[in-house]
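> My questions concern the predicted model and sequence given below.
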Amino acid sequence: MAHSAEISAELLCDRCGYDLRAQPKDGKCPECGTSVAESQRLAAIPRRPSWRDSDPRWRRRMLAGVWILVFIPLMDVLMAFGWASNIRVPNIFDLQGNFHTLDETLLSFQGVYQPLVFCIGMALLFSKERLRRGSPLDWTRRWGIICSYIVLLLSAMILLFIGALILAGIGALFMSMPLKYQPGVTRLFVDVSTGYLFYGASPTNRSEAVLVAFSSITVLLCCVPLLNALRSSGPKFLAAILLAPLALFALINLVQAGRYWLGFSSSTSGSVLNYNVYFYPMLFARYFGDQKYLTYLTNMSGSEFSIFLIEATKWCIILTIAIWLTIAQIDAWRQNKKAGDQ
């Protein structure tokens with residue numbers, strides 16, 4: 001019988017962690033049956049490559065996702081300073097004019113811009129990373145994307161409800177016309193609007209509390225890819241310290257939303273439901289949109305100042321992460337260009 005060469009270097013099974021050094025290269029793991037050759041192939045792939053050697057597409061998406069989250073307060077700032085009324089945007093559906101101002105668009109409606117930006121940024125942060133081995137925390141990517149979609153659907157609930165009311169009014173207006181003059185879509189408008197109003201989800205305080213909970217869960221899960229990105233481009237302990245406040249505030253929001261939904265919390269609905277996208281960007285606009293914002297800051301109560309400090313900490317952490325990864329991306333680009341020139 002031909003003798004198969006045994007593996008001399010340390011090699012653990014990629015699935016169960018069994019020591020495969022005494023196994024032939026063409027054999028299988030005696031514990032789980034995984035191919036030894038496959039475990040050897042995966043062992044050559046780094047579990048956590050450096051930022052420069054990681055997937056370029058993943059790097060770009062991580063960087064874009066963080067910078068998108070930085071601009072969550074943008075619409076509230078534009079509205080507070082009055083700049084939104086000076087920004088003209090193309091008018092597509094109204095033939096009476098070619099342009100409208102930004103404050104006349106749907107983006108300025110409460111609950112549209114922030115959830116949309118939040119979900120786009122989170123979806124980019126949960127992008128799949130190639131060129132590395134699997135991790136026990138890879139399940140956070142799948143569930144993070146699911147939670148992001150749930151946040152987007154729950155945020156659109158109020159828009160769907162208002163749209164159903166408008167559609168019901170249009171259907172009622174059509175039905176008041178003589179039968180021979182009614183448009184053919186009258187019955188469709190009535191069925192769709194009444195069907196949603198009867199059986200669809202309607203915005204309530206409890207549904208808003210669920211939205212707060214899912215946005216907090218999304219941020220908790222997002223700390224995993226952010227930690228992977230930061231520790232591949234810098235010290236791991238510094239990355240953990242930077243992300244710890246985000247995870248802590250997410251846990252606090254999650255507990256408060258759960259207590260409010262169960263009726264155990266004595267807090268007002270505003271103190272809980274304002275964090276429907278984890279952030280509370282309107283707080284910045286409230287105190288900085290007026291020229292007397294320094295007076296407002298000095299006259300804050302202790303609870304108001306603590307909330308303001310928490311929101312400032314959240315935004316500063318996201319901005320710091322964005323700058324950190326931008327510097328790492330520029331450095332990786334310069335090193336790769338230098339290596340290509342050599």
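Great, that's in hand.
> show me the contacts for the residue nearest to Phe174 when sequence neighbours are not counted.
Residue nearest to Phe174 in three dimensions, not counting chain neighbours: Thr186, with 4.1 Å by CB to CB, 6 or more residues apart in numbering. (Each C-beta comes from the backbone N, C-alpha and C, glycine too.) By CB atoms under 8 Å, 6 or more residues apart in numbering, the residues touching Thr186 are 171, 174-175.
> If you rank those by neighbours, which is first?
For the contacts of Thr186, neighbours were counted using other CB atoms under 10 Å, and Gly171 has the most, 22 neighbours in all.
> right, and that residue touches Phe189 too?
Yes: between Gly171 and Phe189 there is a contact at 3.7 Å, judged by CB atoms under 8 Å.
> Looks like Asp103 contacts Ala84 (just checking).
Yes: if you go by CB under 8 Å, Asp103 and Ala84 touch, sitting 4.1 Å apart.
> Could you check which of those two is surrounded by more residues?
Remark: of Asp103 and Ala84, Ala84 carries more neighbours, 21 against 18, as counted by other CB under 10 Å.
> Show the backbone phi and psi for the more buried one.
When read as degrees, to the nearest 10, the backbone of Ala84 gives phi -60, psi -30.
> again with Val277
With angles defined as degrees, to the nearest 10, Val277 shows backbone torsions of phi -120, psi 30.
> now swap in Leu12 and tell me
Backbone geometry at Leu12, expressed as degrees, to the nearest 10, gives phi -110, psi 150.
> wait, it sits on Gln23?
No: between Leu12 and Gln23 there is no contact under CB under 8 Å: 11.3 Å.
> what sits in contact with each of those two?
Counting by CB under 8 Å, 6+ apart, nothing touches both Leu12 and Gln23.
> more neighbours, these two?
Neighbour totals were compared for Leu12 and Gln23, and Gln23 leads with 19 against 14 (other CB under 10 Å).
> is it true that the more buried one touches Val36?
Yes: in this structure Gln23 lies within contact range of Val36 using CB under 8 Å: 5.2 Å.
> residue ranges of the helices in the chain, please?
For the chain, the helices defined by DSSP state H occupy 36-43, 56-70, 74-81, 113-125, 139-155, 157-175, 186-199, 205-231, 236-262, 269-273, 282-288, 293-298, 302-341.
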